[in-house]
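1. just the structure for this:
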Amino acid sequence: MSASKKQKKVSNNIPALLKTPTGISGLDEITGGGLPKGRPTLVAGDAGCGKTLMSLEFIVKGALNYNEPGVFMAFEEKAEELAINVASLGFDLEQLQKDKMIRLDHVHIEKSEIEETGEYDLDGLFIRLGYAIDSIKAKRVVLDTIENLFSGLNNQAVLRAELRRLFHWLKEKGVTAIITAERGEGSLTRQGLEEYVSDCVILLDHRIINQISTRRLRIVKYRGSIHGTNEYPFLIDEDGISVLPVTSLKLEKAVTSGRISSGIKALDHMLGGNGFYKGSSVLVSGTAGTGKTSLAAYFANQACSDGKKCIYFAFEESPNQIIRNMKSISVDLDKHVKKGLLKFHASRPTLYGLEMHLVALYKLIKNFKPEVVILDPITNLITVGSVSEVKSMLIRLIDFLQEEQITVMFTALTLNNIVNEQTDEGVSSLVDAWLLVRDIEFNGERNRGMYIMKSRGMKHSNQVREFIITDKGLDLVDVYLGPDGILTGSAREAQMIKEETGVALQDYAIIAKDREVSRKRKVLEAKISSLHTEFESVEEELNKIYLQEELKKQVTEKTRQEITRIRKGESDAKSRSGKK
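-> Reported below is the predicted structural model:
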């Protein structure tokens, strides 16, 4: 429920100020919910700054979005002229008048017809305006512009008295009113009184700096409510007014541990294997021709291939150029454009001022609702602002994207190989991940090297990788450390071939040595076999002698035993014969 439908209570039970939402993009955020309900608001500014459009959009949005009828009383433009002027914004004032949601009333005031008297008053205006309010039960009123109402008055006392009467009368009617006024010299308005009797004062400004125009809005005062006090850029386009509350002082953004791939597997591996954190900010910096746009296109292609929506803001090349050029590295971005996943927005930085660029980015992102945003390159913004101004603008953009949990990749051109804050517009300290692509010149060649300067919250590689761009795409390879240092390109290939040749020769020498050893082994084994055979032969001869000797011993023993037996027999025979 909006502030206009529910009365908020503060901690001490004192009712908070009721507010009427304007419906104007960003303005309700700055004012903390809208304009003070039932009170007058002064909108002041020079000619052409958007006073009439803002007040008219307040009436139209009230009727369309909040079912609150409104009266627009003009002292300059006729109703027909107003209807034609805002038709390009899609506002059908004629139909709204038929539906009794809006009443346009033009009051013609001719200075020559006004006779100054001490009894000059606004009773006629009150009657006419009161009738208009009652006829449609209006909740909103606009008086545009108040100077015309008092154009015939030079009596300051009468003028001040009637101004106070007007503001009090509007409060008594209970309508939320906007009164437009032109800037004065030394004061917000020509009369110098309106800002004091108004409960809320909004100052619009249209300034030209370096031939670039920027519209800004500031809440000068707001009785009974806190509000944004800075200057806020606003954009007027086919959708009306868009205000960007660009300043965020609190660092209370939600974070996630989810990852999103860079599109290059080797780079994801250097980032712990899974790529960047979702909702983080990534800076890719390097000199011209190092492949920053190719990296950004690869990132966009991967996001769209995963079904994520992406906006590509190009400040240097047209969308057709980028699509054509990326086909040379096998990246087809056109198919993602046709599917509605990829949206290009290309413009020269000099089209707007920095703040207006920020408003345009904010509006496109809000409408398209991407998960990935690419700005290529941010260094071109230097043409419309200083380094500090560009940094301030990017801080605000990063704050907004982190709030929306959108992953953003910036590319930045460095003027040399010396890493410093000026080359990346000072955002290197703000981003979550910083990739540096640099030239490596050796052996008459220019090659590319990449390393991760930082990546908050994750373990990442601290090694330099050679960054290769071919017709098959992008890749990172390990750098080759040769005898004289890091080798890239053809020097790396030559050294690898040389070392591969050396390894092959070494392998051949080892094989030849193995064969020689094998042959020597066979010769020695043959000699050992021959000696073994000779040894067996000698052993056999010796065994023969041992056997012969043993046999002789056996025969001799046997013979001796036989002789002994024979002799014993003969002796026994003699003994028997003697006994006889």
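
2. which stretches of the stretch 51-200 of the chain form helices?
-> 51-65, 79-87, 93-98, 123-136, 146-149, 156-173, 194-197 (DSSP state H, counting those that start in this stretch).

3. please apply the same query to the stretch 351-500 of the chain.
-> Using DSSP H, counting those that start in this stretch, the helices assigned to the stretch 351-500 of the chain run over residues 354-368, 387-403, 489-579.

4. what stretches of the stretch 1-150 of the chain score poorly on pLDDT?
-> 1-15, 109-121, 150 (pLDDT under 70).

5. what residue lies at the spatial centre of the chain?
-> residue 408 (0.9 Å; CA atoms, centre = their mean).

6. ok, back up a step: just the helices of the stretch 51-200 of the chain: most buried one?
-> Highest mean neighbour count among the helices of the stretch 51-200 of the chain (mean count of other CB atoms under 10 Å): helix 51-65, with a mean of 23. C-beta coordinates here come from the backbone N, C-alpha and C atoms, glycine included.

7. got the contact list for that helix?
-> With contact meaning CB atoms under 8 Å, 6 or more residues apart in numbering, helix 51-65 is reached by 20-24, 35, 43-45, 68-72, 74, 77, 82, 86, 89, 91, 93, 96, 101-102, 139-140, 142, 144-145, 178, 180-181, 202, 204, 236, 240-241.

8. looking at those, which are in strands?
-> Counted as lying in strands by DSSP state E, out of the contacts of helix 51-65, are 20, 35, 43-45, 70-72, 74, 102, 140, 142, 144, 178, 180-181, 202, 204, 236, 240-241.

9. and the residues you listed, which are buried?
-> Buried members of the ones in strands among the contacts of helix 51-65, scored by 16 or more other CB atoms under 10 Å, are 20, 35, 43-45, 70-72, 74, 102, 140, 142, 144, 178, 180-181, 202, 204, 236, 240-241.

10. can you pull the pLDDT of residue 284?
-> Per-residue pLDDT puts residue 284 at 91.

11. thought it was touching residue 437?
-> Yes. Because the distance of 6.7 Å satisfies CB atoms under 8 Å, residue 284 is recorded as touching residue 437.

12. identify the contacts common to these two.
-> 292, 295.

13. counting neighbours, go ahead and name the busier of these two.
-> residue 284 (28 against 21; other CB atoms under 10 Å).

14. list of residues touching the helix or strand harbouring the more buried one?
-> Remark: residue 284 resides in strand 281-286, with elements defined by DSSP states H and E. With CB under 8 Å, 6+ apart as the test, strand 281-286 has contacts from 276, 292, 295-296, 299, 398, 401-402, 407-414, 423-424, 427-428, 430-438.

15. in three-state terms, label the spatially closest residue to residue 341 that is not a sequence neighbour for me.
-> Spatial nearest neighbour of residue 341, chain neighbours left out: residue 304 (4.3 Å); criterion: CB to CB, 6 or more residues apart in numbering. Following DSSP: H, G, I helix; E, B strand; the rest coil, we place residue 304 in the helix state.

16. what's near enough to touch residue 304?
-> 310, 333, 336, 339, 341-342.

17. can you check residue 468 too?
-> 448, 474-477.

18. need the buried ones from the residues you listed selected in ChimeraX.
-> Selecting only the buried entries of these in ChimeraX, with 16+ other CB under 10 Å as the criterion:
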select :448,474,476
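
19. of the contacts of residue 468, which belong to strands?
-> Per DSSP E, the contacts of residue 468 map to strands at 448, 474-477.

20. closest to residue 530 among the residues you listed?
-> Using CB to CB, residue 477 comes nearest to residue 530 of these, at 59.5 Å.

21. and the gap between the closest one and residue 266?
-> Separation of residue 477 from residue 266 (CB to CB, to the nearest Å) stands at 7 Å.

22. identify the contacts common to these two.
-> With CB under 8 Å, 6+ apart, residue 477 and residue 266 have common neighbours residue 465.

23. can you find the helix or strand of the protein with the lowest average pLDDT?
-> Ranking every helix and strand in the chain by mean pLDDT, DSSP states H and E puts strand 485-487 at the bottom, with a mean of 55.

24. list the contacts of residue 240.
-> Residues near residue 240 by CB under 8 Å, 6+ apart: 24-25, 53, 57, 89.

25. which one of the residues you listed is nearest residue 454?
-> Taking CB to CB as the measure, residue 454 sits nearest to residue 25 out of the contacts of residue 240, at 35.5 Å.

26. residue 242 is in contact with that closest one, correct?
-> Yes. At 4.5 Å, residue 25 counts as touching residue 242 under the criterion of CB under 8 Å.

27. what touches both of those two?
-> Listed as contacting both residue 25 and residue 242 by CB under 8 Å, 6+ apart are residue 363.

28. returning to that earlier point: next, find the distance separating the residue nearest to residue 341 from residue 524.
-> Counting by CB to CB, the gap from residue 304 to residue 524 is 72 Å.

29. what do you get for residue 354?
-> From residue 354 to residue 524 the distance is 88 Å (CB to CB).

30. which of those two has more neighbours?
-> Taking neighbours as other CB under 10 Å, residue 354 and residue 524 compare with residue 354 leading, 23 against 10.

31. quick one, what contacts that one?
-> Applying CB under 8 Å, 6+ apart, the residues near residue 354 are 381, 384-385, 389-390, 393.

32. same thing but at 10 Å, please
-> Residue 354 makes contacts with 209, 212, 214, 233, 381-382, 384-386, 389-390, 392-394, 396, as judged by CB atoms under 10 Å, 6 or more residues apart in numbering.

33. quick one: pLDDT of it?
-> 75.

34. do residue 249 as well
-> Reported pLDDT at residue 249 in the predicted model: 45.

35. and what of the one 10 residues further on?
-> As predicted, residue 259 sits at a pLDDT of 90.

36. so what's the residue count around the residue nearest to it when sequence neighbours are not counted?
-> Spatial nearest neighbour of residue 259, chain neighbours left out: residue 274 (3.8 Å); criterion: CB to CB, 6+ apart. When counting by other CB under 10 Å, one arrives at 15 neighbours for residue 274.

37. report the contact partners of residue 451.
-> Residues in contact with residue 451 (CB under 10 Å, 6+ apart) are 270, 434-438, 460-465, 467, 479.

38. got a ChimeraX select line for the buried ones in the residues you listed?
-> Entered in ChimeraX, the line below selects the buried ones among the contacts of residue 451, by 16+ other CB under 10 Å:
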select :270,434,435,436,437,438,460,461,464,465,467,479
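
39. the contacts of residue 451: which two are farthest apart?
-> Going by CB to CB, the pair spanning the contacts of residue 451 furthest: 434 and 479, at 19.3 Å.

40. got the contacts of residue 304 as CSV, with neighbour count, pLDDT and secondary structure columns?
-> Listed next are those as CSV, based on neighbours: other CB atoms under 10 Å; pLDDT from 0 to 100; DSSP: H, G, I helix; E, B strand; the rest coil:
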residue, neighbour count, pLDDT, secondary structure
310, 25, 95, strand
333, 23, 94, coil
336, 22, 94, helix
339, 11, 93, helix
341, 21, 94, coil
342, 26, 94, strand
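
41. so where's the stretch 201-350 of the chain uncertain?
-> Using pLDDT under 70, the stretch 201-350 of the chain drops low at 210-212, 245-253.

42. in it, which spans are strands?
-> For the stretch 201-350 of the chain, the strands defined by DSSP state E, counting those that start in this stretch cover 212-222, 232-237, 240-243, 259-260, 276-277, 281-286, 310-314, 342-346.

43. show me what the fifth one is in contact with.
-> By that I understand strand 276-277. Applying CB under 10 Å, 6+ apart, the contact partners of strand 276-277 are 255-262, 267-268, 271, 282, 299, 372, 407, 409, 432-433, 435, 455-458.

44. which of the residues you listed are buried?
-> By 16+ other CB under 10 Å, these give 259-262, 267-268, 271, 282, 299, 372, 407, 409, 432-433, 435, 455, 458 as buried.
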